[in-house]
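Participant: Sequence and computational prediction follow.
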Amino acid sequence: MKWSLVFCLWAMSSAAGAVITRADVDDARYRVDPGVVPALADLPGEGHGVLIAPRWVLTAAHAAPMMMDGMETDVSIGGVARRVSRVVVHPGYRKVPEALIKEVLASGDFARLYASLGSSDDIALIELASPVSGVTPMPLYRGDEEAGKTAELFGKGATGHGDHGQDPASAHRTVLRHAFNVIEGADARYVWYRFDAPPAGLPLEGITGGGDSGGPLVVGTAASAQLVGLGSWSRYPKDHPFWKGLTPDRPFVGGLYGVVVYAVRVSRYAPWIDSVMASPEEAHEETPK
């Protein structure tokens, strides 16, 4: 059976995405001024990171600059291009093996793909060539009580709504939107939340979609905001209606109500983050300059 490559790539990193909204809420209510989250970093083309120290941006490893040939070496913070000095990728990050992708495309069985994604440390640090002034870095959440917290997510990527999913024609760099969701659970690497359909869900319920990998998941108020997660990947649960209608030739639709989104659990990586920022350059694995 020949399955959609687009579907496979979505499953691998669907939060390489923006904010997908409730169908019964005006999109204008999700739009926010960029000044609401000044520490947000725009990566080249698409994807995000978060300024966590004057010279350091935290992001998802699969979205980091210089991870792919031809990517630029600047990130934008506050609308200003910031030169990248180096990218330090967590040693536990693993790209999904090409052989596994071929197997999934041939069989339509995504269980091993999800297992591969869930076992990878999808996190990286970007060191800037010079410190950023005039922007307050976002502190890390360092506790272990993420489950049950209401979190705010941000993104500028593609959009859509839960009834019909992500708009396939939407650009992957649009305007800044935010949404809210409740963190359902956490494990050694990820926290996750579900896109609940009305009347369940929060008044501005939403999820990440396509174009914002590495985007922030935040807990607390504006004055006490802490970074709890980074957009990483998504999946439809086994009992989701999507699977019943899936055929090899069916156009893929992401972002439907019921999808579960996984974000890198920042608290579990805080010791690694601290050690990288405190150590000399040669002490850590990094991408080529």
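Facilitator: Perfect, I can see it now.
Participant: buried sites along stretch 221-228?
Facilitator: 225, 226, 227, 228 (16 or more other C-beta atoms under 10 Å). C-beta coordinates here come from the backbone N, C-alpha and C atoms, glycine included.
Participant: State the three-state secondary structure for the third one.
Facilitator: Three-state call for residue 227 (DSSP: H, G, I helix; E, B strand; the rest coil): strand.
Participant: Now do residue 134 against residue 80, distance only.
Facilitator: In this view, residue 134 and residue 80 are 9 Å apart by C-beta to C-beta, to the nearest Å.
Participant: More neighbours: the two, which one.
Facilitator: residue 80 (11 against 8; other C-beta atoms under 10 Å).
Participant: In contact with the more buried one, which residues?
Facilitator: Listed by C-beta atoms under 8 Å, 6 or more residues apart in numbering, the contact set of residue 80 is empty.
Participant: Then residue 90?
Facilitator: Here residue 90 is in contact with 61, 121, 122, 123, 124, 269, 272 (criterion: C-beta under 8 Å, 6+ apart).
Participant: Generate the PyMOL command that creates a selection of the buried members of these.
Facilitator: Remark: buried members of the contacts of residue 90, expressed as a PyMOL selection using 16+ other C-beta under 10 Å:
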select buried, resi 61+121+122+123+124+269+272
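Participant: ranges for the strands of the stretch 51-200 of the chain?
Facilitator: Using DSSP state E, counting those that start in this stretch, the strands of the stretch 51-200 of the chain run over residues 56-59, 74-77, 80-89, 124-128, 150-155, 160-161, 165-166, 177-186, 190-194.
Participant: from the ones you listed, which stretch is densest packed?
Facilitator: Of these, the one with the most neighbours on average (mean count of other C-beta atoms under 10 Å) is strand 56-59, at a mean of 27.
Participant: Go through the buried residues of stretch 221-228 and say which is closest to residue 192.
Facilitator: residue 228 (11.8 Å; C-beta to C-beta).
Participant: what about the residue lying closest to the closest one once chain neighbours are set aside, distance to residue 99?
Facilitator: Closest residue to residue 228 apart from its sequence neighbours, by C-beta to C-beta, 6 or more residues apart in numbering: residue 141 at 4.2 Å. Taking C-beta to C-beta as the measure, residue 141 falls 36 Å from residue 99.
Participant: and the two? which has more neighbours close in?
Facilitator: A direct count of neighbours by other C-beta under 10 Å for residue 141 and residue 99 places residue 141 higher, at 24 against 8.
Participant: Contacts only, for residue 255.
Facilitator: 14, 17, 20, 160, 161, 162, 165, 166, 195, 207, 209, 210.
Participant: Next, it: secondary structure please.
Facilitator: Going by three-state DSSP: residue 255 is coil.
Participant: Look up how far residue 54 lies from it.
Facilitator: 35 Å.
Participant: next one: residue 64
Facilitator: Residue 64 is 19 Å from residue 54, by C-beta to C-beta.
Participant: neighbour count winner among the two?
Facilitator: Neighbours of residue 64 and residue 54, each counted by other C-beta under 10 Å, are more numerous for residue 64; the result is 30 against 13.
Participant: Okay, angle between the longest helix seen in the chain and strand 177-186 too, please.
Facilitator: With DSSP state H setting the assignment, residue counts place helix 266-278 as the longest helix in the chain. Going by axes from the mean of the first three to the mean of the last three C-alpha atoms, to 10 degrees, helix 266-278 is angled at 110 degrees with respect to strand 177-186.
Participant: on contacts alone, who are the packing partners of helix 266-278?
Facilitator: Secondary-structure packing of helix 266-278 (3 or more C-beta pairs under 8 Å, 6 or more residues apart in numbering; DSSP states H and E): strand 56-59, strand 124-128, strand 226-235.
Participant: Show me the contact partners of the second one.
Facilitator: I take that to be strand 124-128. 41, 49, 55-61, 64-65, 67, 75, 82-90, 93, 273, 276-277, 281.
Participant: Direction included, what does it pair against?
Facilitator: strand 56-59 (antiparallel), strand 80-89 (antiparallel) (DSSP bridges).
Participant: where does the longest helix of the chain sit relative to the chain's centre, distance-wise?
Facilitator: 18 Å (C-alpha atoms, centre = their mean, to the nearest Å).
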